[in-house]
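> Any chance you could fold what I've pasted below:
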Amino acid sequence: MSDYPLLNAFLTMLWFFLWVMWFMLLFRVVFDVFQDDSLGGWAKAGWTLFVCVLPFVGILVYLIARGRGMGERAVQRAQAQEQAFRAYVQEAAAGTPTTGPTKADQLAKLAGLHDHGDITDAEYETAKAKVLAA
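Modelled structure (predicted):
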């Protein structure tokens, strides 16, 4: 038999999950403080100090005082990110594809081939005229 009963194992798991949940809540509050543009620097410092010095009381007071705004700010940030993503996708889809090399790239390549002696002067002039005509 074990010296650690099932009820003690259950209580240990409960305390562990409560501890993890509290840390998640702590990080959520701290991130919300720093992401809130309506708070000034002193207010952010005050809330952070309050949450660090008296963590349980600080988090509970923050949730009571600013809890509703946390959700609204999260929704606004998500909407802004989605709008920026949609704008980027529309811009990328509407833009002309630039998969091929530019004229300057093609001319630089031709000049390198000509300087190396891989193509003759006549071939260089013909190829350059084709690139410039396109």
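
> can you give me the helices for this structure?
6-35, 41-53, 55-94, 103-116, 121-133 (DSSP state H).

> Now do the domain split for the chain, please.
1-95, 99-134 (automatic domain parsing).

> got CSV for these, with mean pLDDT and mean neighbour count too?
Quick note: C-beta positions are derived from backbone N, CA and C, even for glycine. CSV is the format used below for the domains of the chain (pLDDT from 0 to 100; neighbours: other Cβ atoms under 10 Å):
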stretch, mean pLDDT, mean neighbour count
domain 1-95, 90, 12
domain 99-134, 85, 12
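
> Could you measure from Ala87 over to Ala45?
35 Å (Cβ to Cβ, to the nearest Å).

> Report the contact partners of Tyr124.
Leu110, Ala111, Leu113, His114 (Cβ atoms under 8 Å, 6 or more residues apart in numbering).

> Looking at the residues you listed, spot the one nearest Tyr4.
Leu113 (78.7 Å; Cβ to Cβ).

> list the contacts for that closest one?
Neighbours of Leu113 in contact, by Cβ under 8 Å, 6+ apart: Ile119, Tyr124.

> how far away is it from Gly46?
According to Cβ to Cβ, Leu113 stands 68 Å off from Gly46.

> do you know how far Ala129 is from Ile119?
Ala129 is 13 Å from Ile119, by Cβ to Cβ.

> again with Gln81
If you measure Gln81 against Ile119 using Cβ to Cβ, the figure is 51 Å.

> and what of Leu14?
According to Cβ to Cβ, Leu14 stands 78 Å off from Ile119.

> And Phe34, by the same measure?
61 Å.

> List the contacts of the residue nearest the centre of the chain.
Central residue of the chain (Cα atoms, centre = their mean): Gln81, 9.2 Å from the mean position. For Gln81, the contact set (Cβ under 8 Å, 6+ apart) is empty.
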